[in-house]
Structures are given as C-alpha cells and as structure tokens.
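Novice: when you get a sec, could you give me coordinates for this:
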Amino acid sequence: MKNHFTYDERLGIRLPALDKDWEEYSEKEQYDILLEWEKIRGAIPDRIAELEQTINRKQAELSDESDFARSCRLNLEIAELASIINDLWIWYRLNQTASVKMHQ
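Specialist: Residues are numbered from 1 along each chain as shown. Coordinates of the predicted model:
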C-alpha cells in the first residue's frame, strides 16, 4: 500500500501517514486505505497481549530482584511498556470511526 502507512518502531505497528486531506483521495484509495487500516487495527490486540506478557515477565523478575538499581530499571521498562499499551489502545479506539465508515 503505497506510502499511506509508516512503521512506528515504538508501537510495533504501521500507522496512517496520509499526505493529503482525506477528501482528496479517490473512493478507491479511501477504501484501500481503510481496508489496510482494518487489517492493522485487527492486529493491535495481539500486539497488546505480547506486551502484557513481557510486562508479566518483568514483574516476576522484579519480585525476585534485590538490586535497587536493577529494580528501578525494571520499573522503568514496565512503565514504558504500559505507556505503549495505552497508546495502542488509543489508536485502536480512536480509529473505530474509520472502521465504521468502511462498512457503510
């Protein structure tokens, strides 16, 4: 799909990167973009589940960690993963309206 999506390293998914207003795209382009987004959006819960597993592993490490500096690093990593999950949920929910448009 042309250059309508770019990979976001932090989130681990491709995000829309539209270079013009939505109305400037043809109906076919809009449909193709929405179809591709729906595929990406559908994978977001799986990506979140992966990150949650990583958080669970890090929390298990944290419960056995006696080194304060290492505990701080683990807490920071857990917080960053939680932030990524939050951002993924925002993308998932924010763009539900685009998915609804596609099905109309």
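
Novice: quick one: the helices in this structure?
Specialist: Counting by DSSP state H, residue ranges of the helices within the chain are 27-64, 68-94, 96-102.

Novice: check which helices and strands the first one sits against.
Specialist: Pointing back at helix 27-64 there. Contact analysis of helix 27-64 by 3 or more Cβ pairs under 8 Å, 6 or more residues apart in numbering; DSSP states H and E lists strand 5-8, strand 13-16, helix 68-94, helix 96-102 as its packing neighbours. The C-beta positions use only the backbone N, C-alpha and C, and glycine is treated the same way.

Novice: ok so, going back, which of the helices of the chain sits closest to Leu11?
Specialist: Taking Cβ to Cβ, helix 68-94 is the member of the helices of the chain nearest to Leu11, at 5.9 Å.

Novice: quick one, that closest one and helix 27-64 angle?
Specialist: 150 degrees (axes from the mean of the first three to the mean of the last three Cα atoms, to 10 degrees).

Novice: in helix 68-94, which residues are buried?
Specialist: Buried positions in helix 68-94, judged by neighbour count with 16 or more other Cβ atoms under 10 Å: 74, 78, 81, 84-85, 88, 91-92.

Novice: how far does that helix sit from the chain's center?
Specialist: Averaging C-alpha coordinates over helix 68-94 and over its chain gives two centres that are 12 Å apart (Cα atoms, centre = their mean, to the nearest Å).

Novice: mind giving me the packing neighbours of that helix?
Specialist: Checked by 3+ Cβ pairs under 8 Å, 6+ apart, helix 68-94 has strand 13-16, helix 27-64 packed alongside it.

Novice: can you give me the mean pLDDT across the last one?
Specialist: What it means is helix 27-64. Across helix 27-64, pLDDT averages out at 94.

Novice: returning to that earlier point: would you list the helices and strands packed on helix 27-64 in a markdown table and tack on distance to Asp46 and mean pLDDT?
Specialist: A markdown table is the format used below for these (distance: least, Cβ to Cβ, whole Å; pLDDT from 0 to 100):
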| stretch | distance to Asp46 | mean pLDDT |
| --- | --- | --- |
| strand 5-8 | 16 | 96 |
| strand 13-16 | 10 | 94 |
| helix 68-94 | 10 | 95 |
| helix 96-102 | 17 | 52 |
